[in-house]
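> sequence-free structure coming up:
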């Protein structure tokens, strides 16, 4: 493989469109995010961590628009600007910095960000240690987690559907320097149906997947996933969303590829959104794997819906 154009550091947020920003804000607060800013045309939500925006919604007809990504240097923005004939602009969103906007091969918007000011982290929930059977970490104390929404820390990954999966995977690897973590196939081993990609941070460890490319008849969104504080948060978030009248989509369970404990829901316009915690962390030396789809559906928990 030739040297990639840039190496992204992580994703920042997904971009959606919705006709009612107030309803979207209400759902996302129940999902565990906090309000950041809205001018009536764009809604920005944040999490507990330092990333100033973890979800972005444009006022308009319901749609998945694209993804924001983080680059390490202004020189990376310049390379992207030259490659896609797109200007470097001041980012008007919370955190500021600079932004270059272009499209991936399937027409999704990509917003490359650099130089934004980190947000002041919000208070994290207090959690006493667990008492595992072979590691007693909580002595003389009780665990009380209390009801309420999950605590979203950050946006972790997007699963993107593509009618030309090979083209999309090649593009994300060549433009963003992404590495293959795992792939799964249906039937014959060369009939690959999905590829999990992670950022190349060298010797630093990063999420097992940041982008998942899935083969599909047309371009679209599979789901978006946000990291929450811990397993208690997954379960608290599940109970809170049910109490607010939302219907669970898939979960709670534990994935095989990535190992996350997961819980999936739909937002008011049908977009699939995930809480997850306890995911695998890999460095650039971790080799890729290839697996039959029958072995990657889950380690425990319910089977996925037919339309997942």
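Everything's here; your move. These numbers were taken from a predicted model, which means no experiment stands behind them. Numbers count the residues shown, from 1 in each chain.
> and residue 109, how far is that from residue 69?
11 Å (C-beta to C-beta, to the nearest Å). C-beta coordinates here come from the backbone N, C-alpha and C atoms, glycine included.
> ugh, wrong one, I meant residue 206
Counting by C-beta to C-beta - residue 206 and residue 69 are separated by 13 Å.
> And for residue 197?
12 Å.
> Same question for residue 24.
Taking C-beta to C-beta, one finds residue 24 at 22 Å from residue 69.
> repeat for residue 266
25 Å.
> okay, the two: which has more neighbours?
residue 69 (25 against 16; other C-beta atoms under 10 Å).
> any idea whether the more buried one is helix, strand or coil?
strand (DSSP: H, G, I helix; E, B strand; the rest coil).
> now do residue 83
Following three-state DSSP, residue 83 is assigned to helix.
> So it sits against residue 176, correct?
No - applying C-beta atoms under 8 Å as the test, residue 83 and residue 176 come out as separate, 11.4 Å apart.
> shared neighbours of those two, which are they?
Common contact partners of residue 83 and residue 176 (C-beta atoms under 8 Å, 6 or more residues apart in numbering): residue 5.
> So those two - more neighbours on which side?
For residue 83 versus residue 176, the count of surrounding residues by other C-beta under 10 Å is larger for residue 176: 25 against 13.
> quick one: contacts for that one?
4-8, 69, 199.
> separation between it and residue 258?
For residue 176, the distance to residue 258 - C-beta to C-beta - is 19 Å.
> just residue 136 next, same as before
In terms of C-beta to C-beta, residue 136 sits 29 Å off from residue 258.
> So these two - more neighbours on which side?
In this view residue 136 and residue 258 are compared by other C-beta under 10 Å, and residue 258 has more residues nearby, 25 against 10.
> That one - nearest residue in space that isn't next to it in sequence?
With sequence-adjacent residues excluded and distances taken as C-beta to C-beta, 6 or more residues apart in numbering, residue 258 is closest to residue 208, at 4.1 Å.
> Show the residue spans covered by the strands in the stretch 151-300 of the chain.
Here the stretch 151-300 of the chain has its strands, by DSSP state E, counting those that start in this stretch, at 152-162, 179-185, 192-198, 206-207, 211-215, 220-228, 250-254, 261-266, 272-277, 281-282, 289-292.
> export those to TSV and tack on mean pLDDT and distance to residue 146?
Below are the strands of the stretch 151-300 of the chain laid out as TSV (pLDDT from 0 to 100; distance: least, C-beta to C-beta, whole Å):
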stretch	mean pLDDT	distance to residue 146
strand 152-162	98	17
strand 179-185	98	35
strand 192-198	98	34
strand 206-207	98	28
strand 211-215	98	33
strand 220-228	98	15
strand 250-254	98	19
strand 261-266	98	18
strand 272-277	98	17
strand 281-282	98	29
strand 289-292	97	39
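> who wins for proximity to residue 98 among the ones you listed?
Proximity to residue 98, assessed across the strands of the stretch 151-300 of the chain by C-beta to C-beta, is greatest for strand 152-162 (19.6 Å).
> buried sites along the closest one?
Within strand 152-162, the residues that count as buried by 16 or more other C-beta atoms under 10 Å are 152-162.
> Do I have it right that residue 9 meets residue 73?
No - with contact defined as C-beta under 8 Å, residue 9 does not reach residue 73; the gap is 9.8 Å.
> Neighbour count for those two, which is higher?
When residue 9 and residue 73 are compared for neighbours, residue 9 comes out ahead with 21 against 13, by other C-beta under 10 Å.
> what about the more buried one, distance to residue 176?
To residue 176, residue 9 is 10 Å away according to C-beta to C-beta.
> One more: residue 184?
21 Å.
> ditto for residue 12
13 Å.
> Could you pull out the residues contacting both of the two?
Joint contacts of residue 12 and residue 176 (C-beta under 8 Å, 6+ apart) are residue 69.
> What pLDDT does the model give residue 1?
Predicted confidence (pLDDT) for residue 1: 61.
> And the one 3 residues further on, by the same measure?
Per-residue confidence (pLDDT) for residue 4: 98.
> Tell me, how many residues neighbour the nearest residue to residue 14 once chain neighbours are set aside?
If you skip the residues right next to it in sequence, residue 14 has residue 224 as its closest partner in space, 4.6 Å away by C-beta to C-beta, 6+ apart. Per other C-beta under 10 Å, the neighbour tally for residue 224 reads 24.
> In contact with residue 224, which residues?
Counting by C-beta under 8 Å, 6+ apart, residue 224 touches 14, 155, 157-159, 271-274.
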